[in-house]
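Visitor: give the three-dimensional model of this entry:
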Amino acid sequence: MEFEEIYRTYFNDVFRYIRRLSNNEHIAEEITADTFFKAMRSLNSFRGDCDIRVWLCQIAKNNYLTYLKKSGKADSTEDVELLNIPDSNETVEEQLVKKEEAMQIQKLLHHIPEPYKEVFMWRVFADLSFKQIGQIFNKSENWACVTYHRARTKIKEKMEEINYEK
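Guide: Residues are numbered from 1 along each chain as shown. You can find the predicted model right below:
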């Protein structure tokens, strides 16, 4: 596959992934551009062990983490916005409840151990399939699915504890 074709095919996926992580269009543009620059330079080293989209998202994630370190932000999950684009049929109250829940999930992600946290983030933020996530970790599709569901269960349990304490 030619690099131009890779760029055209995967640019939007990488941009949306970083846009979700950073919640900032300008940062997403910069990180995405840098990602494709680095990918172009190292395309020869791409072994094909995983889907090229997964490889590009890994480069993008590393670029974003480097950006966070350079900008003085210690934890990448602080800037991650878990909310999807609001549904126009939702009331303001429903949107606020969703936003509060998303903020709780963000805080809980700090306390979820690896690999649960990263599998959850790949699934939710990059919208990767379980097969692709398994490839990232050199594990099976089933392992990725089970790990994701365990992460969700851990988050739900913590949220229930928080809501019970209120």
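Visitor: immediately after the least confident helix or strand in the chain by mean pLDDT, which helix or strand?
Guide: Across the helices and strands of the chain, mean confidence by mean pLDDT, DSSP states H and E is lowest for helix 92-109: a mean of 66. Downstream of helix 92-109, the next assigned helix or strand under DSSP states H and E is helix 116-125.
Visitor: how far away from the center of its chain is that next one?
Guide: In terms of C-alpha atoms, centre = their mean, to the nearest Å, the centre of helix 116-125 is found 6 Å from the chain centre.
Visitor: same question, stretch 24-36
Guide: Distance, stretch centre to chain centre, for stretch 24-36: 14 Å (C-alpha atoms, centre = their mean).
Visitor: only alpha carbons, please: show it as CSV.
Guide: In CSV, the C-alpha atoms belonging to stretch 24-36 read as follows (Å, rounded to 0.1, in the frame of the first residue of the first chain):
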residue,chain,number,x,y,z
ASN,A,24,-9.0,19.6,21.5
GLU,A,25,-9.1,19.8,17.7
HIS,A,26,-5.9,21.8,17.3
ILE,A,27,-3.9,19.3,19.4
ALA,A,28,-5.5,16.5,17.5
GLU,A,29,-4.4,18.1,14.2
GLU,A,30,-0.8,18.5,15.4
ILE,A,31,-0.6,15.0,16.8
THR,A,32,-2.1,13.4,13.8
ALA,A,33,0.2,15.3,11.4
ASP,A,34,3.2,14.2,13.5
THR,A,35,1.9,10.6,13.6
PHE,A,36,1.8,10.4,9.8
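Visitor: who's in contact with that stretch?
Guide: With C-beta atoms under 8 Å, 6 or more residues apart in numbering as the test, stretch 24-36 has contacts from 7, 11, 14-15, 18-19, 22, 56, 59-60, 63-64, 67, 79. (Glycine included, C-beta is placed from N, CA and C.)
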